[in-house]
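Peer 1: I would like the atomic coordinates for the input below:
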Amino acid sequence: MIETELATALNVALVAGRVYPKRIPERATFPSISYLRVSTIPRYSHSGRSGAGMVRYQIAVWGTSYVSARAARDQVIAALNSLNSLHIKKTFWENELDVTTDAGLYGTVADWFCFVNE
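Peer 2: Numbering: from 1, shown residues only. This next block holds a predicted model:
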């Protein structure tokens, strides 16, 4: 459920449905986005798990040029900053790193924290 809401939010105009869990397929069209759940920190009370928590995702935006990757990244930031869905209540952008690949792709990889109710 949380991943479905995240993938829906990540489906910004420039990627047009090219949002993938974990990794980009081999023959993908760009720009594209991949996301990976890095960790989950559940919340507990004296009576057990509360159902709320924090999930950390690594979100990578890939393009065939630095400009295309950054343009899609800007749309992702806007989409996630305004996200308030059934299970994802608030998102926070933690850090970011620009990367390149031997295949000539440019990417921006960022960690996002999502405050969730499961």
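Peer 1: pLDDT at the residue minimising distance to the centre of the chain, what is it?
Peer 2: With distances taken as C-alpha atoms, centre = their mean, Ile59 lies nearest the centre of the chain, 3.7 Å away. Ile59 is assigned a predicted lDDT (pLDDT) of 97.
Peer 1: and the average pLDDT for stretch 26-35 is what?
Peer 2: Per-residue scores along stretch 26-35 average to 95.
Peer 1: that one: which residues count as buried?
Peer 2: For stretch 26-35, a neighbour-count test (16 or more other C-beta atoms under 10 Å) marks 30-35 as buried. Placement of C-beta: from N, CA and C, glycine included.
Peer 1: mind putting those residues into CSV with distance to Met54?
Peer 2: Output for the buried residues of stretch 26-35, formatted as CSV (distance: C-beta to C-beta, whole Å):
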residue, distance to Met54
Phe30, 31
Pro31, 28
Ser32, 26
Ile33, 21
Ser34, 21
Tyr35, 16
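Peer 1: ok, back up a step: spell out which helix or strand contains the residue nearest to the centre of the chain, please.
Peer 2: Using DSSP states H and E, Ile59 maps to strand 48-63.
Peer 1: output the contacting helices and strands for the helix or strand harbouring Thr4.
Peer 2: According to DSSP H and E, Thr4 maps onto helix 2-10. If contacts are counted by 3 or more C-beta pairs under 8 Å, 6 or more residues apart in numbering; DSSP states H and E, helix 2-10 sits against strand 19-21, strand 32-45, strand 48-63, helix 66-81, strand 88-100, strand 106-117.
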